[in-house]
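Colleague: Structure for the following, please:
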Amino acid sequence: MAVAFRLLGELRVSRDNRPVPIQYPRQRTLLAALLVDLNTVVPTDVLTERVWGTDLPDAPRAALHTYLSRVRKSVGPGVEITQRSGGYLLAADPATVDLHR
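Modeller: Modelled structure (predicted):
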């Protein structure tokens, strides 16, 4: 199954040329934050700042973990989002992301 990401303009995800809905704005923001730094560990504090700015929830790391779980489920198989020391990494072929082509 081929997954493609569009970051230039509105964030869009497709699988086999069919749209993959990422319904919630902060989950979309989180996915975009990982895609910008594709194949690089993004520190947890950088992700929380990108998603919430200065308006952090009560438990930002727990909220981030929940959002990541939902994003993983939405994009489906073939997209690896893993926790690494100090942050998270989205591993994908750069050719699948318009920003990196």
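
Colleague: Tell me which residues are up against stretch 70-90.
Modeller: With contacts defined as CB atoms under 8 Å, 6 or more residues apart in numbering, stretch 70-90 is touched by 1, 3, 13, 15, 20-24, 27, 30-31, 34-35, 38-44, 46-47, 68, 91-92. In this view, the C-beta of every residue, glycine as well, is placed from N, C-alpha and C.

Colleague: Next: stretch 12-27.
Modeller: 1-6, 11, 28, 31, 51-52, 67, 70-71, 74-76.

Colleague: Out of these, which end up buried?
Modeller: The neighbour-count test (16 or more other CB atoms under 10 Å) marks Val3, Ala4, Phe5, Arg28, Leu31, Val51, Trp52, Tyr67, Arg70, Val71, Ser74, Val75 as buried among those.

Colleague: of those residues, closest to His100?
Modeller: Phe5 (9.0 Å; CB to CB).

Colleague: Tell me the secondary structure at the one residue sitting closest to the centre of the chain.
Modeller: In the chain, the residue lying closest to the centroid (CA atoms, centre = their mean) is Leu31, at 1.9 Å. Following DSSP: H, G, I helix; E, B strand; the rest coil, the label given to Leu31 is helix.

Colleague: from what I can see it touches Val3, true?
Modeller: No - the criterion here is CB atoms under 8 Å, and Leu31 misses it with Val3 at 11.6 Å.

Colleague: The residue sitting furthest away from the middle of the chain: what secondary structure?
Modeller: Note on the chain: the largest C-alpha distance from the chain mean falls to Asp58, namely 21.3 Å (CA atoms, centre = their mean). Under the three-state scheme (three-state DSSP), Asp58 adopts coil.
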